[in-house]
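[1] attaching a predicted model along with its sequence, questions to come.
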Amino acid sequence: AALLINQHSVHILVNLNGYTASARTEIFAYSPSPIQVLLQGYAGTSGASYIQYNVLDRVQAPPEHANFYSERLQLLPVSAFRGEGSSNED
């Protein structure tokens, strides 16, 4: 799968599973694309040097906690999960 991703010149590869039972994290370990992103399915860090970005919100990952993540945080302006934290997104 990693070879196929690379052959198709995928520029950004997004991991929606994190470390779940059926995740294919090993594909990301081959770094088949230049930019690899962990997207909100998992609120913690991957701890993996091959994941460059982690897309979360400010409730899941307050900016002052950025140093606890191995990825660069890309914070959404509002929480993606209703009922999480306090916000003015109504």
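    Received the coordinates, thanks.
[2] Three-state assignment for the residue lying closest to residue 61 once chain neighbours are set aside, please.
    Distances taken as Cβ to Cβ, 6 or more residues apart in numbering put residue 73 closest to residue 61, at 5.6 Å, once the chain neighbours are dropped. (C-beta placed from N, C-alpha, C; glycine too.) Remark: residue 73 carries the secondary structure label strand [criterion: DSSP: H, G, I helix; E, B strand; the rest coil].
[3] how about residue 73, what does it touch?
    Contacts here follow Cβ atoms under 8 Å, 6 or more residues apart in numbering; on that basis residue 73 touches 53, 54, 56, 61, 63, 66.
[4] what bridges to it?
    Beta-bridge partners for residue 73, by DSSP bridges, are residue 54.
[5] now it: how far from residue 1?
    Applying Cβ to Cβ, to the nearest Å, the value for residue 73 to residue 1 is 27 Å.
[6] just to revisit the earlier point, type out the PyMOL command that picks the buried ones from the contacts of residue 73.
    Buried subset of these, written as a PyMOL selection, criterion 16 or more other Cβ atoms under 10 Å:
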select buried, resi 53+54+56+61
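[7] give me every residue that touches residue 12.
    Shown here is residue 12, whose contacts under the criterion Cβ under 8 Å, 6+ apart are 33, 34, 35, 36, 37.
[8] what's the answer for residue 48, then?
    Applying Cβ under 8 Å, 6+ apart, we find residue 48 in contact with 25, 28, 29, 70.
[9] one more: residue 29?
    Contacts were defined as Cβ under 8 Å, 6+ apart; by that measure residue 29 touches 48, 50.
[10] repeat that for residue 63.
    73, 75.
[11] and of the contacts of residue 73, the nearest to residue 17?
    Of all the contacts of residue 73, residue 17 sits closest to residue 54, with 13.5 Å by Cβ to Cβ.
[12] quick one: that closest one from residue 44, how far?
    Counting by Cβ to Cβ, the gap from residue 54 to residue 44 is 9 Å.
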